[in-house]
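Visitor: quick one, what's the 3D model for this:
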Amino acid sequence: MNTALPEDTAEFAAVAAKRLARVGGPQAALRAETEEAPRAEARAALAEIGAFDLDVRSGPDDLLAAAVLCQAAGATALPYPLVEELLRIDGERLTLVNPRAARVDHGDLSGGWVAADLDGTRYHPRMGTRTHAKLGPFLVPATLSEPDGTVPSADVDVHLVLGSWRILGAMQRALEIVTEHVRSRIQFGRPLADFQAVKFATADASVAVRGLHELAKYTVWRLGTAPAQARSADALVLRLKAADTARQVLRTSHQLLGALGFCDESDISVLDRHTQPLIRLPASSEELAQRLIPAVRNGCLETLFTEFAAEPA
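Guide: Numbers count the residues shown, from 1 in each chain. Okay, here's the model as predicted:
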């Protein structure tokens, strides 16, 4: 099976990665915690490469382009709610929330918002004041209105998938950083990369990230081909895998970088803190897994071992 991206998508991904890197990467995201300019620069960069011309609901080409754009945004810790912009409803950004404790990333930005839970129930959020929390510095607590209709389940699925691509980009960059570190850091007269335990840890992280990448590409394809219930199950699986992979890679990164990994002078620290809302919201890994149980029972979650009824002769 050839899982390589189409040539035009690969070219767009390279252009997007290069342009978003010019915003400043994780250190620009760090400045955005106290300055407004980096977020304006991030939006300008997205507009320059045509991000807001993408229609993720129109078909597989724009959806895949949006996916690789989110991947580039994750790798640079872009301080802007890209997924929410790409899924605007009637001009308002769409965010996924946990109704029990609604939090909206970048909810302090001007403009309207629409909130939905994982069941697609629609709310109108009233934003509070940004908390400047260390884990998720752009999170804003929100008060939700009474339920006001629903959003399409396809929008919820795409939101989960594009958010997972953003996690993927962040973890790919984290793996690059830790790999460079263990190759250059000398301990006991040898690079850290020469020690067997370090090799095992980085190899496990690399396999996890590569597996997530392949699953992400497969899930984007499934969004355009699978039945609705199967698409929802696939989106949940991808987000669950993304969150678990992020925890593994970030744990390995902090272990191998030591105290440096917790200092904002290190890009790992910024990537970690700014990715936490995607890892934790709109639901924990445990809740995502619980939501998958019915899909396993009724056969909506397809696996290599799923049995299909034989077609009539």
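Visitor: can we go C-alpha only for contacts and neighbour counts from here?
Guide: OK.
Visitor: where does pLDDT dip in the chain?
Guide: Low-confidence segments of the chain (pLDDT under 70): 1, 303-313.
Visitor: what ranges do the helices span in it?
Guide: Assigned by DSSP state H, the chain shows helices spanning 7-21, 25-32, 37-48, 60-75, 82-86, 153-184, 196-223, 228-257, 267-280, 285-298.
Visitor: any idea how far the third one is from the chain center?
Guide: The reference is to helix 37-48. Its chain's C-alpha centre and that of helix 37-48 lie 19 Å apart, by CA atoms, centre = their mean, to the nearest Å.
Visitor: buried sites along it?
Guide: Buried residues in helix 37-48, counted by 16 or more other CA atoms under 10 Å: 38-39, 41-43, 45-46.
Visitor: what's that helix packed up against?
Guide: helix 7-21, helix 25-32 (3 or more CA pairs under 8 Å, 6 or more residues apart in numbering; DSSP states H and E).
Visitor: neighbouring contacts of the last one?
Guide: Read that as helix 25-32. Residues outside helix 25-32 that contact it (CA atoms under 8 Å, 6 or more residues apart in numbering): 38-39, 75-79, 264, 267, 270-271.
Visitor: between helix 7-21 and that helix, find me the angle.
Guide: Helix 25-32 runs at 50 degrees relative to helix 7-21, counting by axes from the mean of the first three to the mean of the last three CA atoms, to 10 degrees.
Visitor: any idea which of the helices and strands packed on helix 37-48 is most buried?
Guide: helix 25-32 (a mean of 21; mean count of other CA atoms under 10 Å).
Visitor: and residue 151, how far is that from residue 250?
Guide: 33 Å (CA to CA, to the nearest Å).
Visitor: on that earlier part again, the helices and strands packed on helix 37-48: which one's closest to residue 160?
Guide: Nearest to residue 160, of all the helices and strands packed on helix 37-48, is helix 7-21, at 19.8 Å by CA to CA.
Visitor: which residues sit against that closest one?
Guide: Defining contact as CA under 8 Å, 6+ apart, one finds that helix 7-21 is touched by 42, 45-46, 49, 64-65, 68-69, 72-73, 76, 78.
Visitor: quick one: which of those residues is nearest residue 229?
Guide: Set against residue 229, the nearest of those by CA to CA is residue 64 (20.6 Å).
Visitor: tell me how many other residues crowd the residue lying closest to residue 63 once chain neighbours are set aside.
Guide: Excluding the flanking residues, the one nearest residue 63 by CA to CA, 6 or more residues apart in numbering is residue 56, at 4.5 Å. The number of residues packed near residue 56 is 20, by other CA atoms under 10 Å.
Visitor: now swap in the one 5 residues further on and tell me
Guide: Applying the criterion other CA under 10 Å, we find 16 residues in the vicinity of residue 61.
Visitor: go on, the one 5 residues further on?
Guide: The criterion is other CA under 10 Å. On that basis, residue 66 has 25 neighbouring residues.
Visitor: which residues touch it?
Guide: Residues near residue 66 by CA under 8 Å, 6+ apart: 51, 54, 56, 86, 162.
Visitor: phi first, then psi, for residue 78.
Guide: Note on residue 78: backbone dihedrals following degrees, to the nearest 10 are phi -60, psi 120.
Visitor: can you pull the contacts of it?
Guide: Residue 78 neighbours (CA under 8 Å, 6+ apart): 20, 23, 25-26, 29, 42.
Visitor: same list (those) but as JSON lines, adding distance to residue 107.
Guide: Below are the contacts of residue 78 laid out as JSON lines (distance: CA to CA, whole Å):
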{"residue": "20", "distance to residue 107": "21"}
{"residue": "23", "distance to residue 107": "21"}
{"residue": "25", "distance to residue 107": "21"}
{"residue": "26", "distance to residue 107": "20"}
{"residue": "29", "distance to residue 107": "16"}
{"residue": "42", "distance to residue 107": "16"}
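Visitor: and of those residues, the nearest to residue 217?
Guide: Taking the contacts of residue 78 together and measuring to residue 217 by CA to CA, the closest member is residue 20, at 21.3 Å.
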